[in-house]
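> Just to be clear, the model below is a prediction. Sequence and coordinates:
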Amino acid sequence: MHIGLVGLGKMGNNMRARLEKNGVEVTGYDTNPAVSDVATLADLVKALPAPRTVWIMVPAGKITDAVVNDLEGLLEKGDLIIDGGNSKFTDDFRHSEQLAAKGIDYMDAGVSGGVWGLENGYGLMVGGSEAQVERVMPVFDALRPEGPREEGFVHVGEVGAGHYAKMVHNGIEYALMQAYAEGYELLDTRKDIIKDVTGTFKAWQRGTVVRSWLLELLVRALEADPEFQNIEGYVQDSGEGRWTVEEGINNAVPLPTISASIFARFVSRQEDSPAMKAVAALRNQFGGHAVKAVD
C-alpha cells in the first residue's frame, strides 16, 4: 500500500518510519524541505496511486483547515483524507461535509504514543465508515502496537468519533499525570520520613495497583533529575483537556478530577495569584489574620 503523509514533525516523521518498516510505502510532504520527499502538495498527490489516501499530521485548527482546503483542490472523487492530528471532533464534522461535496472521503484518527510510538506502536481510535476503515486497515495495522488488534486499535464510530475518544483519553491523561505529580510533591516534602523518593516510585512499577507507562516515564525523569532542578513548574495544555471539560458541562457529566487537573495547569502559569491575594485580603478583613507583605 502507498499513502501520502502531510506533516513530518516529531510524530509524523516517526510514523513514516514505522509505516515503511512495516511494508507501507510513504510519500511525505512537509514545509521543511530537509525532511520532505516532494516539493509541494501537488507533487505529493501526483506521486500517489488512485484512489489516493493522504494522512494529515499537522497542528489542529487553522493549519489543519488550510491543509484540508489545499487538498480539496488537488484530490479527486474516491480519494481519502485521514486527519491524525489532535483536531476537535466538531472540526471533523465540518471537514467531512466540505469534502463530501466533491466526493472525497474523510476519516479521523486519534493517535496516542508520542515520541515512543516508533518503537512501541501507536494506539489508534478511528472514526469513519466501515468501508474506508477496511480499505486502509493495512496502514492501521502497520502503526498499531504488536499483539491483538483490539488492544491497540478501535473503530469507534462514524466521523468525529475517533477524535472524541482521543479527547477523553487526553483528559484522563491529564488527571493521571496530576495525581502522580501531587504524590511526588508530598513524598518530596516529607524527606524526614521518605529517604528515597525516586526509589519509591520505581518500586511501584511492578505488582502495585498504580503501575502504568506514565509511572515508568516519571521514574525515568526522576532518575535523570531527582529534584527537577532543570525544569520550571510551568505547564501548557494542548486543548483536548479543555474540550473534555466543556463536553462534561454540555452533557451534565461531572468531571471533577479532570477539571481540577486543568485548573492546576493554569495555576502553574501564575507567578503571583490574584485570587489568592483576594483570599488573603478577605481573611485579614473579617478575622484580622496576618498577610504577607510584598517584598
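Nice, thanks for sending it over.
> hey, let's count contacts and neighbours off CA atoms from now on
Fine.
> Stretch 44-53: which residues count as buried?
Leu44, Val45, Ala47, Leu48, Arg52, Thr53 (16 or more other C-alpha atoms under 10 Å).
> pLDDT on that stretch, on average?
Here stretch 44-53 scores 97 as its mean pLDDT.
> now swap in stretch 22-40 and tell me
In the prediction, stretch 22-40 has an average pLDDT of 97.
> what's the span of it from first residue to last?
Start to finish, the residues bounding stretch 22-40 are 26 Å apart (C-alpha to C-alpha, to the nearest Å).
> show me where the stretch 1-150 of the chain has strands.
Here the stretch 1-150 of the chain has its strands, by DSSP state E, counting those that start in this stretch, at 2-6, 25-29, 53-56, 80-83, 105-112, 123-127.
> so which of those strands gets nearest Asp196?
Nearest of the strands of the stretch 1-150 of the chain to Asp196, taken as C-alpha to C-alpha: strand 105-112 at 31.8 Å.
> For the closest one, C-alpha coordinates in PDB please.
Output of strand 105-112 as PDB, limited to C-alpha atoms (Å, rounded to 0.1, in the frame of the first residue of the first chain):
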ATOM      1  CA  ASP A 105     -13.900  10.600   1.700                       C
ATOM      2  CA  TYR A 106     -12.800  11.600   5.200                       C
ATOM      3  CA  MET A 107     -11.800   9.800   8.400                       C
ATOM      4  CA  ASP A 108     -10.400  11.000  11.800                       C
ATOM      5  CA  ALA A 109      -7.800   9.100  13.800                       C
ATOM      6  CA  GLY A 110      -6.900   9.800  17.400                       C
ATOM      7  CA  VAL A 111      -3.300   8.800  17.700                       C
ATOM      8  CA  SER A 112      -1.500   8.100  21.100                       C
END
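> Quick check: phi and psi on Gly241?
Main-chain dihedrals, Gly241, degrees, to the nearest 10: phi -60, psi -40.
> Spatially, what comes nearest to it if we skip its sequence neighbours?
Distances taken as C-alpha to C-alpha, 6 or more residues apart in numbering put Gly171 closest to Gly241, at 4.5 Å, once the chain neighbours are dropped.
> part of a helix, is that neighbour?
Yes - counting by DSSP: H, G, I helix; E, B strand; the rest coil, Gly171 is part of a helix.
> just checking, it touches Gly248?
No - contact criterion C-alpha atoms under 8 Å: Gly171 and Gly248 do not qualify, at 10.8 Å.
> Neighbour count: the two, which is higher?
Shown here are Gly171 and Gly248; by other C-alpha atoms under 10 Å, Gly171 has more neighbours (24 against 16).
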